[in-house]
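> Curious how this folds, go ahead:
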Amino acid sequence: MRITTFEGIVDNGQIRLVGNVRLPDNAKVYVIVPDMKFAEIHSPSLLYPEQAIDFKMTVTEEKPDASL
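Here you go, the predicted structure:
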């Protein structure tokens, strides 16, 4: 497989190649983003799902204080 690289920028969600570069329709491309930090945020999960009952929340309605 031969690889050629082109520089480009993302403009309104579309990749625009710098210069007068035209690629044929359906050309297979790979996008490499240098020097960009990505943060991964994972949802918390329980090591033992059977412990989920320990986190059950009870909602109670507070009655207004008539003395105020």
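> quick one: the strands in this protein?
Shown for the chain, the strands assigned by DSSP state E span residues 8-11, 14-17.
> Need the mean per-residue confidence for the last one.
The reference is to strand 14-17. Average pLDDT, strand 14-17: 91.
> swap in the first one?
Confidence for strand 8-11, expressed as mean pLDDT, is 90.
> quick one: low-confidence parts of this protein?
For the chain, the stretches with pLDDT under 70 are 66-68.
> Out of the strands of the chain, which is closest to residue 38?
Closest approach to residue 38 among the strands of the chain (C-beta to C-beta): strand 8-11, 14.5 Å. Backbone N, C-alpha and C define where each C-beta goes, glycine included.
> quick one on the thing from earlier: how about TSV for the strands of the chain, with distance to residue 60 added?
TSV is the format used below for these (distance: least, C-beta to C-beta, whole Å):
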stretch	distance to residue 60
strand 8-11	50
strand 14-17	52
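> In a markdown table: those strands, plus mean neighbour count and distance to residue 25.
Output for the strands of the chain, formatted as a markdown table (neighbours: other C-beta atoms under 10 Å; distance: least, C-beta to C-beta, whole Å):
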| stretch | mean neighbour count | distance to residue 25 |
| --- | --- | --- |
| strand 8-11 | 10 | 17 |
| strand 14-17 | 10 | 14 |
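> Relative to residue 50, which of these is closest?
Short answer: strand 8-11, nearest of these by C-beta to C-beta, at 45.4 Å.
> Many thanks, we can stop here.
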